[in-house]
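Visitor: Next input, structure requested:
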Amino acid sequence: MIPRNQLELVDVFSKCQDIYESDKPKFLSLLEKHIDLDVLIPESFIHNYYSHTGRPRNYSLTAMLWALILQRILSIPTDSLLIVFLHYSRHLRMFCGFDRVPDASKITRFKQNFANDLKDLFEHLVDLTEPICKAIDSSLAAMTSFDTSGIEAWVTENNPKYANSLIRKLKAWKTAHHIDDSYDPYKAAYASMPSSAAANPEIKQMYIDGHFCYAYKIGIVTNGMGIVRHLEFYDEQYYQDHPDIQRDTKEDSPDEQKTAGDSKLLIPTLRSFFNEHPDILPDVFLGDAAFDNIELYKDLLTGETFGMTLNGDGIHFNKAYIPLNSRGGLGEKDYTVNEDGIPCCPHDPSLPMKQEGNTSNLRSGIPTLKFVCPKMKWEKDPETGKYHRQCHCGNPCTSSKCGRMIYIYPEQDLRTYPGTVRGTDEWKETYKIRTNVERTINHFKDSFGLAGRKTRNKETLRSDLYLSGITQLITVLLADKIHKHEYIRSVKPLIA
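Guide: Numbers count the residues shown, from 1 in each chain. I've put the predicted structure just below:
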């Protein structure tokens with residue numbers, strides 16, 4: 001006889017719960033276990049969200065935030081596709097906390113109404129993740145890199161047919177008038193294109209990622225790991241808040257246009273960054289040749305730039321890794337200086353002198369770089385057993401047996417010697433780290449869907465920018481919680 005067991009409701013519920021939990025995606029379980037979004041959201045954001053109307057919200061703040069964060073983690077390109085995912089994925093709905101799925105207008109209004117609150121959440125996460133970055137690699141965490149890019153808006157001018165039709169007309173005009181090759185239809189097209197989109201004058205013409213487009217300009221500051229530390233959205237309001245910034249004028253060359261614009265935005269952006277996060281202390285700055293400007297070196301390295309002090313000294317960078325721009329050369333003294341700022345033999349400009357360590361003037365304490373004759377060698381005196389310098393040059397430029405020595409005072413020429421010596425192995429290896437900021441920009445645009453947003457609304461795109469930063473910093477928190485720091489830039493392997 002088959003034994004019969006009475007079924008109890010508690011047992012049925014327990015088994016159903018086990019089945020549900022075992023079927024839940026592992027990645028959602030990790031987020032649920034290690035990330036408490038309610039604790040991370042600033043009180044001001046909570047207050048603004050729930051006091052915005054006189055009636056209860058249909059969707060909780062954490063539900064809206066989780067949906068938008070998961071959209072970027074899962075690389076869901078559009079809000080409409082996110083809604084489809086939420087409709088068909090029970091686990092996503094339950095994880096976010098939705099009883100029913102919001103429509104597209106709810107998501108859009110959320111972004112437009114709470115862009116400033118999303119910025120506050122982002123800044124709060126920057127402070128929370130800074131100790132994590134320092135614990136992983138303190139030297140990389142102390143590096144600061146800055147670059148600009150653009151978020152392309154959904155305007156007519158961004159349609160490829162718009163530029164192509166203009167170029168075709170100019171090519172036909174060149175052929176019809178038998179003009180020689182000195183006339184470049186592509187440059188002529190650039191010059192004839194309007195400076196801003198007809199739909200919105202704040203959407204400016206830019207040259208980014210190797211192509212022309214009409215976009216809102218943004219700035220991104222990262223550390224040496226490529227973890228975002230600061231974001232700026234350069235709209236009309238930003239320039240009104242910073243009247244000292246000279247507005248861009250259209251240059252003949254798109255490269256010159258970007259270079260001129262970036263150099264004007266660097267110091268105001270860094271000043272805002274350090275004012276927002278006074279506990280983040282700069283050490284090394286990494287930038288491209290757009291920042292190769294004598295005045296910028298003074299601002300970065302002298303300690304007067306950011307209007308802040310640390311133990312009585314102005315906050316500043318100790319080193320600036322910026323390659324020389326071909327538009328400018330290094331000033332020469334009574335000796336020849338190569339493109340890396342290293343003095344050369346007076347009789348042979350192709351022969352750089354050898355650096356012999358860093359030293360300081362004993363009286364003033366000013367940091368000094370010492371360079372010696374490349375044909376000098378240290379030789380041992382057989383009588384005293386001591387080593388001394390001996391120059392073996394066949395055409396010496398000095399009567400000294402030690403050969404020519406040159407002392408450089410970096411404070412007198414910060415562009416040539418920005419706290420370090422150009423062309424050395426240290427320079428080359430350190431400067432490679434700068435590409436991390438470009439990888440972060442690419443990650444934001446491709447993986448987080450910041451590029452290709454089908455809107456021209458400024459507040460919507462600004463919120464998308466801060467949501468991308470929030471998503472990366474949530475990734476850092478999760479990677480630290482599970483002790484897998486190799487995932488601080490992306491947790492896609494965990495999803496797979």
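Visitor: Break down the stretch 151-300 of the chain into its strands, ranges please.
Guide: Remark: strands assigned in the stretch 151-300 of the chain by DSSP state E, counting those that start in this stretch are 204-208, 211-222, 228-234, 284-286.
Visitor: Could you verify my assumption that Asp299 touches Ile267?
Guide: Yes: taking contacts as C-beta atoms under 8 Å, Asp299 lies within contact range of Ile267: 5.2 Å. Yep, even glycine has a C-beta here, placed from its N, CA and C like the rest.
Visitor: Quick check on those two: which one has the bigger neighbour count.
Guide: Using other C-beta atoms under 10 Å as the criterion, Asp299 and Ile267 rank with Asp299 on top: 21 against 18.
Visitor: do you know how far that one is from Gly224?
Guide: For Asp299, the distance to Gly224 equals 21 Å [C-beta to C-beta, to the nearest Å].
Visitor: now the host helix or strand of Asp38, how far from the chain's geometric center?
Guide: Per DSSP states H and E: Asp38 is located in helix 37-40. With C-alpha atoms, centre = their mean, to the nearest Å as the basis, helix 37-40 stands 26 Å off its chain's centre.
Visitor: Moving C-terminal from it, which element do we reach first?
Guide: As assigned by DSSP H and E, the chain's next helix or strand after helix 37-40 is helix 43-50.
Visitor: Now do the helices in the stretch 51-200 of the chain.
Guide: Secondary structure of the stretch 51-200 of the chain (DSSP state H, counting those that start in this stretch): helices at 61-73, 79-88, 90-96, 104-113, 115-136, 138-141, 160-176, 185-192.
Visitor: Go through these and pick out the most buried.
Guide: helix 61-73 (a mean of 22; mean count of other C-beta atoms under 10 Å).
Visitor: now what about that one, what contacts it?
Guide: 37-38, 41, 45-46, 49-50, 76, 79, 82, 86, 92, 95-98, 102, 106-107, 110, 121, 447-449, 467-468, 470-471, 474-475, 491, 495 (C-beta atoms under 8 Å, 6 or more residues apart in numbering).
Visitor: For Asn442, give its distance to Val126.
Guide: Counting by C-beta to C-beta - Asn442 and Val126 are separated by 20 Å.
Visitor: Of the helices of the stretch 51-200 of the chain, which is nearest Thr420?
Guide: helix 138-141 (13.8 Å; C-beta to C-beta).
Visitor: list the helices and strands the closest one packs on?
Guide: Under the contact criterion of 3 or more C-beta pairs under 8 Å, 6 or more residues apart in numbering; DSSP states H and E, helix 138-141 touches helix 115-136.
Visitor: Need the CA coordinates for the helix it packs on. PDB is fine.
Guide: This file holds the C-alpha atoms of helix 115-136, laid out as PDB (Å, rounded to 0.1, in the frame of the first residue of the first chain):
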ATOM      1  CA  ALA A 115      18.400  65.600 -13.300                       C
ATOM      2  CA  ASN A 116      19.900  67.600 -10.400                       C
ATOM      3  CA  ASP A 117      19.100  64.800  -7.900                       C
ATOM      4  CA  LEU A 118      20.700  62.200 -10.100                       C
ATOM      5  CA  LYS A 119      23.800  64.500 -10.100                       C
ATOM      6  CA  ASP A 120      23.800  64.500  -6.300                       C
ATOM      7  CA  LEU A 121      23.500  60.700  -6.200                       C
ATOM      8  CA  PHE A 122      26.500  60.400  -8.600                       C
ATOM      9  CA  GLU A 123      28.600  62.800  -6.400                       C
ATOM     10  CA  HIS A 124      27.700  60.800  -3.300                       C
ATOM     11  CA  LEU A 125      28.800  57.600  -5.000                       C
ATOM     12  CA  VAL A 126      32.100  59.200  -6.000                       C
ATOM     13  CA  ASP A 127      32.900  59.800  -2.300                       C
ATOM     14  CA  LEU A 128      31.900  56.200  -1.400                       C
ATOM     15  CA  THR A 129      34.100  54.600  -4.100                       C
ATOM     16  CA  GLU A 130      37.200  56.800  -3.500                       C
ATOM     17  CA  PRO A 131      38.500  54.600  -0.600                       C
ATOM     18  CA  ILE A 132      37.900  51.500  -2.600                       C
ATOM     19  CA  CYS A 133      40.000  52.900  -5.500                       C
ATOM     20  CA  LYS A 134      42.800  53.900  -3.100                       C
ATOM     21  CA  ALA A 135      42.800  50.400  -1.500                       C
ATOM     22  CA  ILE A 136      43.100  48.700  -4.900                       C
END
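Visitor: and it with strand 228-234, angle?
Guide: On the basis of axes from the mean of the first three to the mean of the last three C-alpha atoms, to 10 degrees, helix 115-136 is oriented at 150 degrees to strand 228-234.
Visitor: and helix 115-136 with helix 104-113, angle?
Guide: Here the directions of helix 115-136 and helix 104-113 differ by 70 degrees (the same axes, to 10 degrees).
Visitor: any idea how far helix 115-136 is from the chain center?
Guide: Relative to its chain's centre, helix 115-136 lies at 14 Å (C-alpha atoms, centre = their mean).
Visitor: what does it contact?
Guide: 40-42, 44-45, 48-49, 65, 111, 140-142, 223, 225, 227-231, 276-277, 279-280, 459, 462-463, 466-467, 469-470, 473-474, 476-477, 480, 485, 488.
Visitor: Report the angle between that helix and strand 211-222.
Guide: 60 degrees.
Visitor: Give me the mean pLDDT for helix 115-136.
Guide: Mean pLDDT, computed over helix 115-136, is 96.
Visitor: Let me know the angle separating it from helix 43-50.
Guide: Our comparison of helix 115-136 with helix 43-50, counting by the same axes, to 10 degrees, yields an angle of 150 degrees.
Visitor: residue ranges with poor pLDDT in the stretch 251-400 of the chain?
Guide: Within the stretch 251-400 of the chain, the ranges that satisfy pLDDT under 70 run 251-260, 303-314, 326-334, 357-367.
Visitor: rerun at 50
Guide: The model of the stretch 251-400 of the chain has pLDDT under 50 over residues 309-312, 328-332, 361-366.
Visitor: returning to what we had before: highest average neighbour count across the strands of the stretch 151-300 of the chain?
Guide: Greatest burial across these, using mean count of other C-beta under 10 Å, falls to strand 284-286, with a mean of 24.
Visitor: what's the spacing between the residue nearest to Leu170 when sequence neighbours are not counted and Ile179?
Guide: Spatial nearest neighbour of Leu170, chain neighbours left out: Pro185 (3.9 Å); criterion: C-beta to C-beta, 6 or more residues apart in numbering. Going from Pro185 to Ile179 by C-beta to C-beta gives 10 Å.
Visitor: Next: Thr420.
Guide: 49 Å.
Visitor: what about these two, which has more around it?
Guide: Neighbours were counted for Thr420 and for Ile179 using other C-beta under 10 Å; Thr420 has more, 19 against 11.
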